[in-house]
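Participant: curious how this folds, go ahead:
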Amino acid sequence: MISATLRSLALVMTLALPASDPLAALGWVWPVERVQIVRPYEAPAHAYGPGHRGVDLASGEVVRSPADGHVAFAGSVAGRPVVTIDHGGGLVTTLEPVVSDLAVGAVVARAAPIGWLDGGGHTAPGVVHFGVRLNGEYVNPLRLLGGVPRAILLPCC
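Facilitator: So this is what the prediction gives:
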């Protein structure tokens, strides 16, 4: 009985492994030192629908680049400080509210500090919004940080 249950569980676990996501293999790092997701990514039903196009992370003061790239924008948008990094290959990161001394065009290395957390925007104090676009479309940033695990239901009892 136990071995049949273990075989069933092994089969369920094998089926639950997510398909390989090429974005997960890029080796990105979290833009904050200690990770605590305050608000997850919520995909909109359509391009202009409601959703949350990034993840909000409880943060320390320093914010860092999740991957190599160059600063595409550093300034104010709608009254909040924003830093945008172009990583090449169609991948662009936006971090807010983040103040930076870096100039547009500055090269940034993976895990290098790019600025510090400020106030403003839709996030609570001490929280940074981390958004990622791939070829102009928002994607879940967790895909670049090791993937998004699939949820499955396992038999109980």
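
Participant: what's near enough to touch the closest residue to residue 143 other than its chain neighbours?
Facilitator: Nearest-residue entry for residue 143: residue 23, 4.4 Å, with adjacent residues in sequence omitted and distances by CB to CB, 6 or more residues apart in numbering. Where you see a C-beta, it was placed from the backbone N, CA and C, and this is true even at glycine. Applying CB atoms under 8 Å, 6 or more residues apart in numbering, we find residue 23 in contact with 134, 139, 143-144, 147.

Participant: highest neighbour count among the residues you listed?
Facilitator: Comparing the contacts of residue 23 by number of neighbours (other CB atoms under 10 Å), residue 144 comes first, having 24 neighbours.

Participant: need the contact list for the closest residue in space to that one that isn't next to it in sequence.
Facilitator: If the residues on either side of it in the chain are set aside, residue 144 comes closest to residue 28, at 4.2 Å by CB to CB, 6+ apart. For residue 28, the set of contacting residues under the criterion of CB under 8 Å, 6+ apart consists of 66-67, 110, 144-145.

Participant: so residue 28: helix, strand or coil?
Facilitator: Remark: residue 28 carries the secondary structure label coil [criterion: DSSP: H, G, I helix; E, B strand; the rest coil].

Participant: equivalent analysis for residue 73, please.
Facilitator: When the structure is split into helix, strand and coil by three-state DSSP, residue 73 lands in strand.

Participant: specify the beta-bridge partners of it.
Facilitator: According to DSSP bridges, the partner residues bridging residue 73 are residue 84.

Participant: that one: what's it in contact with?
Facilitator: 82-84, 104.

Participant: what subset of the residues you listed is buried?
Facilitator: 82-84 (16 or more other CB atoms under 10 Å).

Participant: distance-wise, check residue 127 relative to residue 118.
Facilitator: Counting by CB to CB, to the nearest Å, the gap between residue 127 and residue 118 amounts to 11 Å.
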